[in-house]
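>>> I would like to see how this sequence folds:
(chains A and B)
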Amino acid sequence: MDRVLITLHGRIVEPTVEEIMEEYDVQPDQIDLEYGVQMIDPAAGDYVILVDEDVALRIGRDQVGASGPYADVRIEPFGPPES
Amino acid sequence: MATKRKEMRNIILEVSYSDAVMSSAMTIDGSDAPPLASDAVTTVPGVAIDPDFGAVELPTMIEPFEEDVPREFSPFDLNLGASIDEDHQHSTFLVRAQCGDAELEKLVKSCANGGQVQGVYADPEIQVCDFDPNLDDEGPASAAPPRICPGSPPLGTDRHVAARIGVPWLRRRRMNGAGTYMAIVDTGINLAHLRSRGRNPILDVSRSWMARPGDVAGRLPVGHGTMVAYDTMIAAPRATLLDIALLRSTRSGGSVMAGLLSDAIRAYVHLYRIIRGPHRPGAPRSLVVNNSWGMFHESWDFPRNHPGRYMDNNRHPFNRIVGVLSHAGADILFAAGNCGRECPDGRCRGATRSGIYGANSHPQALSVAGVDVLKRRVGYSTSGPGRLMFMKPDLCGYTHFRGSGVYAADGGTSAACPVVAGVVGALRSRFPYNPADYRTSPAAIRNLLTRTAEDRGNVGFDFDYGWGIINGRRLALLRSLSVMQASDEAATSIDEVADVEALLDNIEGLEEVPETQDDTWAASDAVAPATVLEDQVETVQAEAPWSEPEETTETVPRKGAATTKERKSRKRTAAHA
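Below is the predicted model:
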């Protein structure tokens, strides 16, 4: 299953992946552990994780301050164009 | 003896109503049109009516005003809503025919005599309107090379680009990127290749970032990222490079380097830590972030109206962190894309409208389109509007020139973007980011760049060129970022730049720009087609005698040229006289 992004609001300051998994009831195989937790807006206390889409839908629906899922889009160089 | 073949002309006849014509007419109410009877139109002998064409009804218009009121046509007339007379007997009909010159003359005369034929018109051959690459945006330019498209040979070299963006002027102001971090968010940099091409790059390995474990900054395969790094060094050779190797995965079955936005978020978190982290004394304070990448087609994203979509959603986490990093003081540039309407990249799949997606059209980033060294928009450069911000792209950089040697041409908006990023880096070495001075904020710098750009296309902003082409020369002439310092005689405000340019010849010291053997345009520099290019860039040579990038700006008076002191002395003498 493709993974998607979900934004969480800082109920924990600078959380670890383990804390996120416990807080939001996420299993290890449902989250990208290597990706971890990325703080996207320190002033607002918002961070992002990479999880399975169904998990993102559940968290986004049930948790206050969470939003998503967001697309994890493929990107490519705008190098010398191809014909 | 051979008989001279009679030349037949294709004509259109406008004839008045008759039952026979009407019976075969393609009417405005959509009735079918059977073949036109041979005797349906009374005309002169020798005119061959085309029965298969039928007849086309040309209804008359009912004027909304009294007929005795003379009225001239005006495109601004709001009362052009004349209605159609639906009475077929008031209509005329068009039929197709062929005739010789003699018959044509008789036909014209019969019109004047009030016969059934009321008008005779030419029916010239028409063809599919193919794209004409020799037509540039300013009209026919048969002497110019064709418009740049995917696969076109390079046009000019990085030296031409340097002259175009005003590198000699930047050098004279010591604007070379020193004191600036230049983050190359791309496929990775190969330092050895840059050195082999005559560059002397400075790389901060400790502040670089690798998406793939095991990669080493500065030692990645020669590719897109190396080209981008090379092109930033055209204007900012002394910037400190940060190798942010984001696009390090390879599509299955393909060779194009790719990545995911989630990795881009990680890269931006890393850059945020750099700009907000502790700084060593003397370490750069400014950060320029070059992004020559993006998504090519809408299908790569969530479906339309999905709340988690990326391309038109400023709540997407990547779009948010772009705003956060800009707010922290980074100058962020994105390539506009390669989905131009004339010849888009194949990955665009023909979608060329509103193709500046996601962060590439972010309001807090510069969106860079591409022009060639002849200042013509390249055919693959994506036009606006943007999906996040309507008025995109912001401005143009030069592309599709021979430069890094990574590819035949440093092409795509991928190359245009770092050319502009280099100018931003050069500007930052003179006006570094200072959180306490709003005039140095990224927003102020974006305004400065767009206001000093060389306008192209429509006057002011347009969706092809944005506000125009980057112009380092105008930036080099600035002595202040503030228009509020008008009382300071030494200050040159943005608004005064145009005036100053007009007075270039009178600026002291300008004649002292070095002019050596290397300054001339070598024929080998112009790659294809060389002779034409030489003609076109002749003006550039006159404007900007080239000097190789140097750390110092020591200048050598041109032979025979007066020194500053001598000119001042002459002025004083003239004033006394």
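
>>> Give the residue spans of chain B that score low on pLDDT.
Within chain B, the ranges that satisfy pLDDT under 70 run B:1-6, B:26-33, B:62-84, B:124-144, B:249-256, B:479-577.

>>> who's the residue nearest the centre of chain B bridged to?
In chain B, the residue lying closest to the centroid (CA atoms, centre = their mean) is B:Arg377, at 3.6 Å. For B:Arg377, the beta-bridge partners are B:Val371 (DSSP bridges).

>>> I figured it hits B:Gly370, correct?
Yes: B:Arg377 is within contact range of B:Gly370, at 7.0 Å (criterion: CB atoms under 8 Å). C-beta here means a position set from N, CA and C on the backbone, and glycine is covered the same way.

>>> quick one: common contacting residues for these two?
The contact sets of B:Arg377 and B:Gly370 overlap at B:Cys396 (CB atoms under 8 Å, 6 or more residues apart in numbering or on different chains).

>>> So which residue is smack in the middle of chain A?
Here the mean C-alpha position of chain A is nearest to the C-alpha of A:Ile49 (CA atoms, centre = their mean), at a distance of 2.2 Å.

>>> how about that one, secondary structure?
strand (DSSP: H, G, I helix; E, B strand; the rest coil).

>>> Against A:Ile40, how distant is it?
11 Å (CB to CB, to the nearest Å).

>>> With adjacent residues omitted, what lies nearest to whatever residue of the stretch 101-250 of chain B ends up closest to chain A?
As assessed by CB to the nearest CB, chain A sits closest to B:Pro150 within the stretch 101-250 of chain B, at 4.0 Å. Once flanking residues are discounted, B:Pro150 sits nearest to A:Pro81: 4.0 Å by CB to CB, 6 or more residues apart in numbering or on different chains.

>>> Tell me the spatial nearest neighbour of A:Val51, not counting adjacent residues.
Nearest non-adjacent residue to A:Val51, counting by CB to CB, 6+ apart: A:Ile31, 4.9 Å away.

>>> Okay, strands next: where are they in the stretch 51-200 of chain B?
B:55-58, B:61-62, B:83-84, B:92-99, B:117-122, B:135-136, B:139-140, B:180-186 (DSSP state E, counting those that start in this stretch).

>>> now do chain A
Assigned by DSSP state E, chain A shows strands spanning A:3-9, A:38-41, A:46-52, A:67-70, A:74-77.

>>> Partner strands of the last one and their direction?
The reference is to strand A:74-77. As assigned by DSSP bridges, strand A:74-77 forms pairs with strand B:257-260 (antiparallel), strand B:293-294 (antiparallel).

>>> Next, the contact list for the closest residue to B:Gly259 other than its chain neighbours, please.
In this structure, B:Gly259 finds its nearest non-sequential neighbour in B:Leu247, 4.3 Å apart by CB to CB, 6+ apart. By CB under 8 Å, 6+ apart, B:Leu247 lies in contact with A:Ile75, A:Glu76, A:Pro77, B:Asp186, B:Thr187, B:Ala211, B:His224, B:Gly225, B:Met257, B:Ala258, B:Gly259, B:Trp293.

>>> Now B:Leu247: which helix or strand?
Using DSSP states H and E, B:Leu247 falls within no helix or strand.

>>> that older thread, most tightly packed of the strands of the stretch 51-200 of chain B?
When the strands of the stretch 51-200 of chain B are scored by mean count of other CB atoms under 10 Å in any protein chain shown, the highest mean neighbour count falls to strand B:180-186 (a mean of 29).

>>> same for it, what does it pack against?
Helices and strands touching strand B:180-186, by 3 or more CB pairs under 8 Å, 6 or more residues apart in numbering or on different chains; DSSP states H and E, are helix B:224-232, strand B:240-245, helix B:261-276, strand B:286-291, helix B:413-430.

>>> what about the second one, near chain A?
No: looking at strand B:240-245 against chain A by CB under 8 Å from any CB of the partner chain, there are no contacts, and the closest approach is 12.0 Å.

>>> Please name the strands paired to that strand in the sheet, noting orientation.
strand B:180-186 (parallel), strand B:202-203 (parallel), strand B:209-210 (parallel).

>>> which outside residues touch it?
Strand B:240-245 has contacts (CB under 8 Å, 6+ apart) with B:180-189, B:201-205, B:207-212, B:215, B:217-218, B:220, B:225, B:229, B:232, B:267, B:270-271, B:274, B:284.

>>> Now do the buried residues in it.
Within strand B:240-245, the residues scored as buried using 16 or more other CB atoms under 10 Å in any protein chain shown are B:Thr240, B:Leu241, B:Leu242, B:Asp243, B:Ile244, B:Ala245.

>>> Let me know the closest of the residues you listed to B:Asp87.
Taking CB to CB as the measure, B:Ile244 is the one of the buried residues of strand B:240-245 closest to B:Asp87, at 73.7 Å.

>>> Just the buried residues of the longest helix along chain A, please?
Among the segments of chain A that qualify as a helix by DSSP state H, the longest is helix A:53-62. Of the residues in helix A:53-62, A:Glu53, A:Val55, A:Ala56, A:Leu57, A:Arg58, A:Ile59, A:Gly60 count as buried by neighbour count, 16+ other CB under 10 Å.

>>> so how many other residues sit close to B:Pro45?
By other CB atoms under 10 Å in any protein chain shown, 7 other residues sit near B:Pro45.

>>> Which residue comes closest to it once chain neighbours are left out?
Leaving aside its sequence neighbours, B:Pro45 sits nearest to B:Glu103 (CB to CB, 6+ apart; 7.5 Å).

>>> Where does pLDDT dip in chain A?
A:1, A:11.

>>> Could you pick out the residues of it near chain B for me?
A:3-5, A:7, A:32, A:35, A:38-43, A:46, A:48, A:50, A:67-83.

>>> which residues touch the residue lying closest to B:Phe390 once chain neighbours are set aside?
Sequence neighbours aside, B:Gly384 is the residue nearest to B:Phe390 in space, at 7.3 Å (criterion: CB to CB, 6+ apart). The neighbours of B:Gly384, taking CB under 8 Å, 6+ apart as the test, are B:Ala336, B:Ser354, B:Ile356, B:Ser361, B:Ser367, B:Phe390, B:Met391, B:Lys392, B:Pro393, B:Phe463, B:Asp464, B:Gly466.

>>> Now neighbour count and secondary structure too, for these, in a markdown table please.
As requested, the contacts of B:Gly384 are exported to a markdown table (neighbours: other CB atoms under 10 Å in any protein chain shown; DSSP: H, G, I helix; E, B strand; the rest coil):
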| residue | neighbour count | secondary structure |
| --- | --- | --- |
| B:Ala336 | 34 | coil |
| B:Ser354 | 20 | coil |
| B:Ile356 | 30 | strand |
| B:Ser361 | 30 | helix |
| B:Ser367 | 28 | strand |
| B:Phe390 | 13 | coil |
| B:Met391 | 17 | coil |
| B:Lys392 | 28 | coil |
| B:Pro393 | 33 | coil |
| B:Phe463 | 19 | coil |
| B:Asp464 | 20 | coil |
| B:Gly466 | 27 | strand |
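
>>> on that earlier part again, which among the residues of chain A next to chain B count as buried?
Buried members of those, counted by 16+ other CB under 10 Å: A:3-5, A:7, A:35, A:38-42, A:46, A:48, A:50, A:67-82.
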